[in-house]
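>>> with the sequence up front, the predicted model follows.
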Amino acid sequence: MLDEEYQPQQLPDYGARAQPALVARMTPQLRLTQAGNVVAVLAIAASIGAIATFPDYTGTATGSGWAVASLITSLVLLGICTFQHMAWLRAMAEWRGERDYDLASLTKISWILHLVSYAVVLFGLYATIAGSIAAGTTATAASLLAFALLFMVVAQVLAGVQYLRISGPPGTIPAHLRRLSQLRGRG
């Protein structure tokens, strides 16, 4: 948003700690991270369901390790999503003038975790596909692993990559969709 686009009531008084325009502009990011956390929990539930329903053809649970890997991946992704959400909550408290936080260190960690989230989801992709193959494509566990993968990807897009930055939303799919809807509204 350009400086000229702010309304006078959105600009804080000189010396005021609260930044209402920044809070208003970044509130959608906070909602995205909340939704991402919910979807990450769904990925965990789907992974647990896959472990519980994994078929045992040989008497040894040889392929169920991939379902466990999917669960661990979902848990790590939930941790990343939760950190991103907490970072946004702290930033919002700073921008509302409620508390003082060191946002510089938070932005660095948040950015690093957003990069880690890509590797986590890639491993989750491999684990869920390998687990689906091991379970057999018609097994309930294979379907649950597919849902776990879908939930992991959605959680990563909604929260994992929403790293803390004060310059505006990152260039991820939700941000692009927002821009497209704004352009459609103008035309």
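Alright, I've got the coordinates.

>>> so Gln162 touches Gln84, yeah?
Yes - taking C-beta atoms under 8 Å as the definition, Gln162 is a contact partner of Gln84 at 5.4 Å. Quick note: C-beta positions are derived from backbone N, CA and C, even for glycine.

>>> which neighbours do the two have in common?
Listed as contacting both Gln162 and Gln84 by C-beta atoms under 8 Å, 6 or more residues apart in numbering are Thr33, Gly36, His114.

>>> now do the same contact list for the second one.
Translated: Gly36. Taking C-beta under 8 Å, 6+ apart as the criterion, Gly36 is in contact with Cys81, Gln84, His85, Val154, Ala155, Gln156, Val157, Leu158, Ala159, Gly160, Gln162.

>>> number of nearby residues for the second one?
One way to gauge burial is a neighbour count; for Gln84, by other C-beta atoms under 10 Å, it gives 28.

>>> the fifth one now?
Taking other C-beta under 10 Å as the neighbour definition, Ala155 ends up with a count of 29.

>>> and for the first one?
Residues contacting Cys81 under the criterion other C-beta under 10 Å number 29.

>>> ok, it - contacts?
Counting by C-beta under 8 Å, 6+ apart, Cys81 touches Thr33, Gly36, Asn37, Ala40, Ala155, Gln156, Leu158, Ala159, Gly160.

>>> tell me the pLDDT at the second one?
According to the prediction, Gly36 has pLDDT 94.

>>> cool, and the fourth one?
At Ala40 the predicted local distance difference test score is 96.

>>> and what of the first one?
The score at Thr33 is 91. That number is its pLDDT.

>>> shouldn't it be in contact with Arg90?
No - taking contacts as C-beta under 8 Å, Thr33 lies outside contact range of Arg90: 11.8 Å.

>>> which of the two has more neighbours?
Of the pair Thr33 and Arg90, Thr33 is the one with more neighbours under other C-beta under 10 Å, namely 24 against 17.

>>> and that one, what helix or strand is that in?
helix 20-53 (DSSP states H and E).

>>> could you list the buried residues of that helix?
In terms of neighbour count (16 or more other C-beta atoms under 10 Å), helix 20-53 has its buried residues at 20-23, 25-26, 29-30, 32-37, 39-40, 42-51, 53.

>>> list the contacts for the residue most central in space within the chain?
Nearest residue to the geometric centre of the chain (C-alpha atoms, centre = their mean): Ala159, 1.9 Å. Contacts for Ala159 (C-beta under 8 Å, 6+ apart) come out as Leu32, Thr33, Gln34, Ala35, Gly36, Asn37, Val39, Ala40, Ile80, Cys81, Gln84, His85.

>>> just checking, Asp100 touches Arg90?
No - in this structure Asp100 lies outside contact range of Arg90 using C-beta under 8 Å: 10.1 Å.

>>> so which bits of whichever helix or strand comes after the helix holding Thr33 are buried?
Downstream of helix 20-53, the first helix or strand assigned by DSSP H and E is helix 64-96. Neighbour-count burial for helix 64-96, with 16+ other C-beta under 10 Å as criterion, is recorded at 64, 66-74, 76-78, 80-81, 83-85, 87-88, 90-92, 94-95.
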